[in-house]
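turn this into a structure:
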Amino acid sequence: MSIHPTATVHATAIVAESASIGPYCSVGPFCTVGPQVELASHCELVSHVVLDGATRLGERNRIYPFAAVGVAPQDLKYRGEPTRLEIGDDNVIREYVTISRGTAGGGGTTRIGNHCLIMAYTHVGHDSVIGNHCILANAATLAGHVIVEDYATVGALCPVHQYCRIGRHAYVGGGTTITQDVLPFSLTSATRETHAFSLNKVGMERRGFTKEQLRKLHLAYRTLLAAKLNTTQALEKLKAEETRGDEVEYLIAFIESSSRGIIK
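You can find the predicted model right below:
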């Protein structure tokens, strides 16, 4: 067992002999830490946390009671192959969250970036990739192979179909079923049906987007969502704009690389 002298482990916790617990970590009551788990410095397992599999946590992560992190994927094809979960720094993982490690057929690794808030009862399926500064609200349910890009928010009670992507700075309203890719910078929600209805202007202003960047994106979204053009025609019009800017370039590339189609 590799427990740094500055780390604290509660007497009721079970830590495997080959686990690695870094400096100033705290392993609370009734936690279980498996033999392939690695914790970098200043991580806190509040209590009743299960860490399993080849799971590595970066610095300053806090995990709340009854979370199960790095557990075997919920995939009938999984036969115990060696797969991983990689978690970055400064994440908060709340009560009853489940995060599965990867599968051999999906690349082998589930990844979570830095500064994410993963709220209670959320599920992150195998081989999913979560970026930086993401929020997954209560009971968001991500199937396998989902990609959530930087600064995206997935609202409460949102099921996300496998292989879908949530674009960066997107905001998905609570209770929205996602079966196709969510446009970056969009507000996407369900009324009678799921659709993108606006630019996530407030969130982007808070993150320092300039008026000129927002203006260009607003014009691009008007072309995509309000003009009487199909997606191919809208992309051709956007590409014809000589001063479209980096954000619109990324929007175009996101749409063109979509395999499941986009929500409009």
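
when you work out contacts or count neighbours from here on, use the C-alpha atoms and nothing else.
Will do.

which element is E81 on?
Using DSSP states H and E, E81 is not contained in any helix or strand.

pLDDT at it, what is it?
With respect to pLDDT, E81 scores 95.

residues contacting it?
Going by CA atoms under 8 Å, 6 or more residues apart in numbering, E81 touches 103-104.

that one and A72: what is the separation?
Between E81 and A72 the distance is 10 Å, computed by CA to CA, to the nearest Å.

pull up the pairing partners for the least confident helix or strand in the chain by mean pLDDT, direction included.
One helix or strand of the chain scores below all others by mean pLDDT, DSSP states H and E: strand 194-199, with a mean of 79. Strand 194-199 has the following sheet partners, assigned by DSSP bridges: strand 186-190 (antiparallel).

just the C-alphas of the strand it pairs with, formatted as PDB.
What follows is strand 186-190, C-alpha atoms only, in PDB (Å, rounded to 0.1, in the frame of the first residue of the first chain):
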ATOM      1  CA  SER A 186     -26.800  26.700 -28.400                       C
ATOM      2  CA  LEU A 187     -29.700  26.700 -26.000                       C
ATOM      3  CA  THR A 188     -31.400  23.300 -26.700                       C
ATOM      4  CA  SER A 189     -34.500  22.200 -24.900                       C
ATOM      5  CA  ALA A 190     -37.700  20.200 -25.200                       C
END
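
so for that strand, mean pLDDT?
Averaging pLDDT along strand 186-190 yields 89.

likewise stretch 219-228?
Throughout stretch 219-228, pLDDT has a mean value of 87.

quick one: contacts of that stretch?
Residues outside stretch 219-228 that contact it (CA under 8 Å, 6+ apart) are 196-199, 229-231, 234-235, 237-238, 248, 264.

next: stretch 184-193.
166-177, 182, 194-201, 204, 251, 254.

buried set for it?
Using 16 or more other CA atoms under 10 Å as the test for burial, stretch 184-193 gives 184-190.

could I have the PyMOL command that selects the buried members from the contacts of stretch 219-228?
Buried residues among these (16+ other CA under 10 Å), as a PyMOL selection:
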select buried, resi 196+197+198+199+231+234+235+238+248+264
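
out of the contacts of stretch 219-228, which one sits closest to C134?
Using CA to CA, L199 comes nearest to C134 of the contacts of stretch 219-228, at 17.5 Å.

any idea what V15 is bridged to?
V33.

now for it: which residues touch it?
Neighbour list for V15: 1, 31-35 [criterion: CA under 8 Å, 6+ apart].

try 10 Å this time
V15 makes contact with 1-3, 9, 21, 27, 30-35, 37, 51 under the criterion CA atoms under 10 Å, 6 or more residues apart in numbering.

coming back round to it: in TSV: the contacts of stretch 219-228, plus distance to L57.
As requested, these are arranged in TSV below (distance: CA to CA, whole Å):
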residue	distance to L57
A196	35
F197	37
S198	36
L199	34
L229	46
N230	44
T231	41
A234	43
L235	40
K237	45
L238	41
V248	34
K264	37
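
list phi and psi for the residue positioned nearest the centre of the chain.
In the chain, the centroid-proximal residue (CA atoms, centre = their mean) is I130; its distance is 2.9 Å. Taking degrees, to the nearest 10, you get phi -110, psi 130 for the backbone angles of I130.

how much space between it and L214?
For I130, the distance to L214 - CA to CA - is 25 Å.

quick one: the helices in the protein?
201-206, 211-221, 231-240, 245-256 (DSSP state H).

need the contact list for the residue nearest to T83 when sequence neighbours are not counted.
Nearest residue to T83, sequence neighbours excluded (CA to CA, 6 or more residues apart in numbering): G108, at 4.8 Å. Neighbouring residues of G108 by CA under 10 Å, 6+ apart: 81-85, 101-102, 126-127.

got these as a markdown table, with distance to A152 columns?
Shown next, in a markdown table, are those (distance: CA to CA, whole Å):
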| residue | distance to A152 |
| --- | --- |
| E81 | 31 |
| P82 | 30 |
| T83 | 26 |
| R84 | 24 |
| L85 | 20 |
| R101 | 21 |
| G102 | 22 |
| H126 | 19 |
| D127 | 18 |
